[in-house]
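Asker: Kindly return the folded structure for what I paste below:
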Amino acid sequence: MDLDWLFDQDLPTYVYALFGGVVGILVVTVHNLFIGAESYYHLSGVIVGSGFAGFLAANGSGHFKRAGMGAGILGTVPAFAWSSDFLRGWFITSASEGGQIFAVVLLCFLILATGMLATLIGVFGGFFGGWVAKKTNPEIK
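Answerer: Presented below is the predicted three-dimensional model:
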């Protein structure tokens, strides 16, 4: 299967999404380490990273929402890493109370909901970064 058509056209967008995702991961990690992430996981760094990716993509490839979405999905990785202990305990409790099939269905819904939230945060951040780029450089379409 030839995927050259996919990567040739949007390679800068993927690079911006990767860079913004790494920025989001760093901001989320630093924030949650200093504040403490025992009760909740603050994902404001994902908005920062996806906004940064959207800003770069608006100045480069023009696909700022796509870059923000990729950065948003990548930026939520630390939240999953920190919540892995909670998820394991929750999965064992759900399996013992409702059965293994019920636990797998709940886990799939949790992963789907988190992915949708990460996508929405990323699109919002990418749109905001693209808007800032258009305001600072009026030549951007």
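Asker: Can you spell out which helices and strands pack onto the helix ranked longest in the chain?
Answerer: If you go by DSSP state H, the chain has its longest helix at helix 100-136. Packed against helix 100-136, as judged by 3 or more Cβ pairs under 8 Å, 6 or more residues apart in numbering; DSSP states H and E, are the following elements: helix 44-59, helix 64-75, helix 84-98. (C-beta placed from N, C-alpha, C; glycine too.)
Asker: in stretch 131-141, what's buried?
Answerer: 132-134 (16 or more other Cβ atoms under 10 Å).
Asker: which outside residues touch that stretch?
Answerer: For stretch 131-141, the external contacting residues (Cβ atoms under 8 Å, 6 or more residues apart in numbering) are 51, 54-55, 58-59, 62, 64.
Asker: Now with 7 Å, please.
Answerer: 55, 58-59 (Cβ atoms under 7 Å, 6 or more residues apart in numbering).
Asker: Out of these, flag the one nearest to Trp82.
Answerer: The closest of the contacts of stretch 131-141 to Trp82 turns out to be Phe55 (Cβ to Cβ; 27.3 Å).
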